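Visitor: pasting the sequence and the predicted coordinates here, then a few questions.
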Amino acid sequence: MLGFLYKYYKKTNHRFFSRDKHFAERLQQLVGFTPSNIYIFKVAFYHKSTLNNSGNVGNGLYQSNERLEFLGDALLSFVVGEYLFRKYPGADEGFLTKMRSKIVKRKMLNYVAEQMGLDHLMQEFNQTSISQSMLGNALEALVGAIYLEQGFDYSRNFIISRILKRYINIDHLELFDDNYKSQLLEWCQKHAKDIDFKVLSKFKADKRDRFKVGVFVDGAEVAFAEDYNKKSAEQVASQLALRQLGVREKN
């Protein structure tokens, strides 16, 4: 479906350019070129919650940004991995894997997307409130759209120059650890404590799934947290549990 529409919109681009001139100008500032195919960049900012709850295609778009997100996620993981491989020639696999995880994790991508102003673009194409977790998805989808438009070399340069070097202090990340779940698991193992994470409830908020996760240590609930993403809820709950248990956070 995307391939067919890509060719169709590219052939008829002149019909849509004047209508989407303002959007194209904003994209040019963001990605460094004026897209010839506006459609795929619209899709990059179109979240599935709008599609699922609109009752129609909405804004003339026929799919959410999930497929582009999948493509962008793969590109980000590879380019960041290659960048770290060259930056740290003497580092072992464990260090490189941990550093890559810090960079491509959802919380970091949400932060970068917000700094880039993607929340403003998403507001134009979605009929729901824009949450932090949606921003990182849109950034991955944007990278996927750039790849389809410009190819790998340009995408690689965009990721390095406009994401890594502009918004992420990699040297600082070496000393920073915000994986609270990992810290909590390590503490429990060290002190022979049983730990369990349970989904206490799953409900709808802003027409999207939201999770309430509890942390149980030796069978007792120590903390709980809510988020639209289960893993994010576990991280927040773990941070609260560390504080409740009087454990100093590493970061």
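Guide: Yep, that arrived. Numbering: from 1, shown residues only.
Visitor: averaged pLDDT, stretch 159-178. What do you get?
Guide: The pLDDT scores in stretch 159-178 average 90.
Visitor: also stretch 42-56?
Guide: 67.
Visitor: the host helix or strand of residue 139: how far from the chain's middle?
Guide: Taking DSSP states H and E as the definition, residue 139 sits inside helix 132-150. Distance of helix 132-150 from its chain centroid, counting by CA atoms, centre = their mean, to the nearest Å, is 8 Å.
Visitor: and that helix, what does it pack against?
Guide: Counting contacts by 3 or more CB pairs under 8 Å, 6 or more residues apart in numbering; DSSP states H and E, helix 132-150 is packed against helix 21-31, helix 38-44, helix 66-87, helix 106-116, helix 118-123, helix 152-159. C-beta: built from backbone N, CA, C; applies to glycine.
Visitor: mind doing that once more with 6 Å?
Guide: Under the contact criterion of 3 or more CB pairs under 6 Å, 6 or more residues apart in numbering; DSSP states H and E, helix 132-150 touches helix 38-44, helix 66-87, helix 106-116, helix 118-123, helix 152-159.
Visitor: how far off helix 21-31 does that helix point, in degrees?
Guide: 90 degrees (axes from the mean of the first three to the mean of the last three CA atoms, to 10 degrees).
Visitor: and the angle from helix 132-150 to helix 106-116?
Guide: For helix 132-150 against helix 106-116, the angle by the same axes, to 10 degrees is 70 degrees.
Visitor: confirm residue 196 sits in a helix?
Guide: No. Counting by DSSP: H, G, I helix; E, B strand; the rest coil, residue 196 falls outside a helix, being strand.
Visitor: list the contacts for it?
Guide: By CB atoms under 6 Å, 6 or more residues apart in numbering, residue 196 lies in contact with residue 216.
Visitor: quick one: it and residue 174, what's the gap?
Guide: 32 Å (CB to CB, to the nearest Å).
Visitor: neighbours of residue 92, how many?
Guide: As a burial measure, residue 92 scores 8 neighbours (other CB atoms under 10 Å).
Visitor: hmm, I was thinking of residue 107
Guide: Other residues near residue 107 come to 17 when the count uses other CB under 10 Å.
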